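>>> what's the 3D shape of this:
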Amino acid sequence: MTFAESPSAERTFADRTLQAYGTYAGLAIENWEKNAKPSAFLRRFVRALPPRAHVLDYGCGIGTELAWMKGCGLAVEGIDGTAVFIKEARRRLKGVPLRCVKFEDAALSQQAYDGVWCNASLIHVPPREFADQLPKLQAALKPSGLLGMTLAWGNKKGFAENDWIPGRYIAGYTRTEAAHFFRQWAVRDLRVTTHDGRSGRWIQILAERSSGHAQAAHSHRGR
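Predicted coordinates for the structure are as follows:
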């Protein structure tokens, strides 16, 4: 992919990314429908939750993973910034609370969720905004609530012009950078992986809300 970074990227990342998703919505929906099988990471996340857990999918897209979690007996909600994706998710998930809102504008209730699932969604915000999002997600979790997050692996940040959806902002992180962002969490697992539900290399993170802000990393794999 070719990345183009501009001085105004911090201000325009959301609008340009949402515009790209809107332009190529049909392609995105077709791709997600073809790859609707839950990843091993999603299965691990759900197994780690209590029965009938209350889960927020933060960047739910068209709701394929939400639907699978709902089928596992979880109480689910979803947020996404792309209106056409939320419309499709509502078609699939009758009665499930779904909101169309940008991440930077999303207000979350405190200590409301047993789990927050965030699969390759906050890769679309710059590091400064990402750092602001993490305390909000932590506050939204119940004590010892669990966050499951996928980040793009790498060191490039900017608008991907030759992507399968051109024009999206994508931020890649090294494993060390990702661990740095999670210093205030109790990290259960942080690993670099490939081809788990999507092509490419990714960082998968399972982390608990930690009242003492102690980081307990039980498994660190990859570089």
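>>> use CA for all of it now, contacts and neighbours both
Noted.
>>> how much space is there between Pro38 and Gly71?
12 Å (C-alpha to C-alpha, to the nearest Å).
>>> for Pro126, same thing?
Pro126 sits 33 Å away from Gly71, taking C-alpha to C-alpha as the criterion.
>>> who's more crowded, these two?
Using other C-alpha atoms under 10 Å, the more surrounded residue of Pro126 and Gly71 is Pro126, with 20 against 10.
>>> Is the most centrally placed residue in the chain in a helix, a strand, or coil?
Nearest to the geometric centre of the chain sits Cys118, at 2.4 Å (C-alpha atoms, centre = their mean). Put simply, Cys118 is strand when judged by DSSP: H, G, I helix; E, B strand; the rest coil.
>>> how near is it to Thr23?
According to C-alpha to C-alpha, Cys118 and Thr23 sit 23 Å apart.
>>> ok, now Gly63?
The gap separating Gly63 from Thr23 is 19 Å, by C-alpha to C-alpha.
>>> re the thing from before, thought the residue nearest to the centre of the chain was touching Asp57?
Yes. Judged on C-alpha atoms under 8 Å, Cys118 makes contact with Asp57 at a distance of 6.1 Å.
>>> so what sits against both of those two?
With C-alpha atoms under 8 Å, 6 or more residues apart in numbering applied, the contact sets of Cys118 and Asp57 do not overlap.
>>> moving C-terminal of the helix or strand where Gly115 lies, what's the next helix or strand?
Here Gly115, judged by DSSP states H and E, is contained in strand 113-119. Using DSSP H and E, the helix or strand that directly follows strand 113-119 along the chain is helix 127-140.
>>> Just give me how far the helix or strand just after that following helix sits from the chain centre.
Going down the chain from helix 127-140, the next helix or strand is strand 141-153, by DSSP H and E. In terms of C-alpha atoms, centre = their mean, to the nearest Å, the centre of strand 141-153 is found 9 Å from the chain centre.
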